[in-house]
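J.: everything below, folded, please.
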Amino acid sequence: MSGSTARTQAISAVTNYKPISEPLNFADTAAKDLFGVNVFSNAVMRDRLPKDVYKKVAKTIEDGAKLDATIADVVAAAMRDWAIEKGATHYAHVFYPLTGLTAEKHDSFLSPEADGSAIAEFSGAQLIQGEPDASSFPSGGLRATFEARGYTAWDVTSPAYILENPNGTTLCIPTAFVSWTGEALDKKTPVLRSMQALDTQARRILALFGHARIARVTATAGPEQEYFLIDRNFFFARPDLINAGRTLFGKQPPKGQELEDQYFGAIPERVLACMLETERELYKLGVPVKTRHNEVAPSQYEIAPMYENANVATDHQQTIMTMLKRVAGKYGLECLLHEKPFAGINGSGKHVNWSLGNSTQGNLLEPGDTPHDNAQFLVFCAAVIRAVDKFAPLLRAVVAHAGNDHRLGANEAPPAIISVFLGDQLADIFQQIAKGGVKSAKKAGTMNIGVDTLPPLPKHAGDRNRTSPFAFTGNKFEFRAVGSAQSIAGPLTALNTIVADSLDFVATELEKATKGDPKKLNAAIQKVVADIVKSHGRVLFNGDGYSEAWHKEAEKRGLPNNRNTVAALGAITDAEVVSIFKKFNVLSKRELESRKEIYFEQYVKAVRIEALLTTQIAKTKIFPAAIRYQSELAVTCANLKAVGYTFDTDTLDKITALVKQLQDAIAGLEAAMGKVPHKGVEAEAKYYSDTICPAMLTVREAADELEGVVADDLWPLPTYQEMLFIK
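T.: Model prediction:
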């Protein structure tokens, strides 16, 4: 296959790829011995801290007790000594600003002495609090540019860890990031606040069921990360991938994913080597990655961790994204986390599996063998149903951004309509409750495959639904609408808060009905759950979420359908959202307004970058290639005419028409960019969505058609066929 210089060099580099480092010896150290070796874990603290100090730290981590600041110096000294033994020279307060990315400020342990020597210092004050500049992070009006002070606060519930680099190591300390006024400038602080609210309300429900010992209730999360890997030579030859994370041009190749031969197929050798090293590095950091496999689209893959405390899972998810990108480079690969890096094939999501539970009562969304008799489960499940229906616009808003607009509602992702899938067994149980009481439940049973050598398999009472944005999957809910490049903090904050609100509602109703008499509890539960199903059952749907029939049915039911980011983001400051976030001290009205402002700004900036890139690439790469081919055809036609041959000019005519179409489309996009209104960020976002995005698509349509006509040796960009299938 020929191509322009950049393409031929990229293809040559890919096909002649040789590993840049020696293979890892996995037989040297077992995975179980690697797990958590670079984490200042519970076991490390137990060994290194005085017994009384360790107990105080453990109480904060396990029970959510207030941190005793007097022990900070002792913890800091132990953490410093441990880190230095592992080669650390610096420590970093790691935080998660509203960019959705990971931020860190590194400081040296060394402090110079008067005699010219230096000592390693790390005090409790340095552990507890840092002071990075807050003025250059998005604040949505919470902070003026000249108000620079921001604080990082040690999150003791998320363990510190050592991040290795070929030239040294750094002690990383997960922290919250707040302004001088104490307002949240980050993703972590609202997650922690929402988990506190969830704990309080869940304990009220558990107390009504008569539990004597109730441990702290925490939300748990297990986010499945989808991503693409392509050769870096192709990546660096595509300005759109470098700057926007997705391809703004690209004709569909003859083969896409229609043969369904990628999903769960054999993992390519170089990709598997990259996966193995990524997992090895994540094991060291205590990230419980469990699953890896090929995804549906060519060159698409998935990594999935086990479930853990939602706050820790959020931090670990950021680490997973960072590590995927870092290790990929060692293997000559680029990790693409954008929700839709390639048009026409599946995009990537981050399916967030969510539940809640504690150490004394276990998983509170575990139905057991007889869910119809499990009143506690039915109460918690009903509370989730109510929460999702009441606050569906909020759940849609927290997954809304420019990248996810290309994915949601397509054939590989859930629709923008938020609905709940329960499966046949649970749907039947809740329907029976709504009609007056449960008499039975569908049985799970076993499946006989019909081959004597194969064992009978346990069969679930209901199937799974991959088209649902919010599906019950055994003992948890899977929020499938979250985008692959997103932090899971926003979705988790929303889920925790709206479920806390529902649990508060249910607990209040049950307390009123029983008035302390446990004998009245069963009847009260029957009524509350039945009322919830009658009032909020419209959100329950077990069918095909992709179908046009569902869209019509959802409209009849009155379910919101906010099809894009601009339509969705306004829900963040709906009056009822503001009310419950304030009530549970998760986010103030100002903090919510700031986030809405930031997310609109981020949408505008993302689309603006794409529009500028579209113009630049079309004018400087695609148009010149088309003109050169047009010139070659014109010269050929002139030469044939000169020697008297009769011929047609169909190809030249087509190229000429497409070149004109491309020119006009570029001019149209540039004209549209010159008319962006400056009447507030929401109006600007709407203009970008309604006018700029279609104008960009018009440019792409002409360019992609030209790709199918222009001589291959003149085409300037690596093609989909090359990027997706040359590995």
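
J.: can you map out the strands along the stretch 201-350 of the chain?
T.: 218-231, 289-294, 300-305, 308-309, 333-336, 350-358 (DSSP state E, counting those that start in this stretch).

J.: past the host helix or strand of Lys32, which element shows up next along the chain?
T.: With secondary structure defined by DSSP states H and E, Lys32 is part of helix 31-34. With elements assigned by DSSP H and E, the helix or strand that comes after helix 31-34 is helix 42-48.

J.: identify the residues contacting that next one?
T.: 36, 54, 57-58, 61, 75, 78, 81-82, 159 (CB atoms under 8 Å, 6 or more residues apart in numbering). Just so you know, the C-beta spots here come from the backbone N, C-alpha and C atoms, and that holds for glycine as well.

J.: of these, buried ones?
T.: For those, a neighbour count by 16 or more other CB atoms under 10 Å gives the buried set as 36, 54, 57-58, 61, 75, 78, 82, 159.

J.: let's have those residues in CSV, adding pLDDT.
T.: Listed next are these as CSV, based on pLDDT from 0 to 100:
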residue, pLDDT
Gly36, 92
Tyr54, 93
Val57, 91
Ala58, 90
Ile61, 88
Val75, 93
Ala78, 93
Trp82, 95
Pro159, 95
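
J.: do you know how far Asp63 is from Thr200?
T.: 13 Å (CB to CB, to the nearest Å).

J.: please disregard the earlier target; I meant Asp389.
T.: 23 Å.

J.: of these two, which one has the most company?
T.: Asp389 (22 against 17; other CB atoms under 10 Å).

J.: you'd agree the more buried one is up against Val533?
T.: No. With contact defined as CB atoms under 8 Å, Asp389 does not count as touching Val533 (10.4 Å).

J.: remind me which residues of this protein are low pLDDT?
T.: Applying pLDDT under 70 to the chain flags the ranges 1-4, 20-21, 113-119, 134, 143-148, 409-412, 439-464.

J.: please report phi then psi for the residue lying farthest from the centre of it.
T.: Centroid-distance maximum for the chain: Gly644 at 64.2 Å, with CA atoms, centre = their mean. Backbone torsions for Gly644, taken as degrees, to the nearest 10, come to phi 90, psi 10.

J.: tell me the contacts of it?
T.: With CB under 8 Å, 6+ apart, Gly644 has no contacts at all.

J.: what do you get for Lys534?
T.: Ala434.

J.: which strand or helix spans it?
T.: Counting by DSSP H and E, Lys534 is found in helix 521-536.

J.: longest helix of the protein, counting residues only.
T.: helix 589-617 (DSSP state H).

J.: got the angle between whichever helix or strand comes after that helix and helix 589-617?
T.: For helix 589-617, the following helix or strand on the C-terminal side (DSSP H and E) is helix 623-642. Calculated by axes from the mean of the first three to the mean of the last three CA atoms, to 10 degrees, helix 623-642 forms an angle of 20 degrees with helix 589-617.

J.: which elements pack onto helix 623-642?
T.: Helix 623-642 sits against helix 650-673, with contacts defined as 3 or more CB pairs under 8 Å, 6 or more residues apart in numbering; DSSP states H and E.

J.: buried set for the helix it packs on?
T.: 652, 655, 658-659, 661-663, 665-666, 668-670, 672-673.

J.: what's the following helix or strand after the helix or strand in which Ala383 is found?
T.: Taking DSSP H and E as the definition, Ala383 sits inside helix 375-390. Per DSSP H and E, helix 375-390 leads on to helix 392-397 as the next helix or strand towards the C-terminus.

J.: and that following helix, how far from the chain's centre?
T.: 15 Å (CA atoms, centre = their mean, to the nearest Å).

J.: and that helix, what does it pack onto?
T.: So helix 392-397, by 3+ CB pairs under 8 Å, 6+ apart, packs with helix 489-514, helix 565-568.

J.: now for whichever helix or strand comes after the last one, which elements pack on it?
T.: When you say that, I think you mean helix 565-568. Going down the chain from helix 565-568, the next helix or strand is helix 575-583, by DSSP H and E. The contact analysis (3+ CB pairs under 8 Å, 6+ apart) places helix 575-583 against helix 489-514, helix 589-617.

J.: hey, which of those helices is tucked in deepest?
T.: helix 489-514 (a mean of 23; mean count of other CB atoms under 10 Å).

J.: now do the closest residue to Thr514 other than its chain neighbours against Gly210, distance only.
T.: Using CB to CB, 6 or more residues apart in numbering and skipping the chain neighbours, the partner closest in space to Thr514 is Lys520 (4.4 Å). In this view, Lys520 and Gly210 are 13 Å apart by CB to CB.

J.: also Lys476?
T.: If you go by CB to CB, the gap between Lys476 and Gly210 works out to 25 Å.

J.: quick one, which of Lys520 and Gly210 is more surrounded?
T.: Neighbour count, other CB under 10 Å: between Lys520 and Gly210, Lys520 has more, with 13 against 8.

J.: quick one on the thing from earlier: reformat the helices and strands packed on helix 392-397 as TSV; add distance to Thr170.
T.: Converted to TSV, the helices and strands packed on helix 392-397 look like this (distance: least, CB to CB, whole Å):
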stretch	distance to Thr170
helix 489-514	23
helix 565-568	36
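
J.: now the angle between helix 489-514 and the helix holding Lys534, please.
T.: Using the same axes, to 10 degrees, helix 521-536 lies at 130 degrees relative to helix 489-514.
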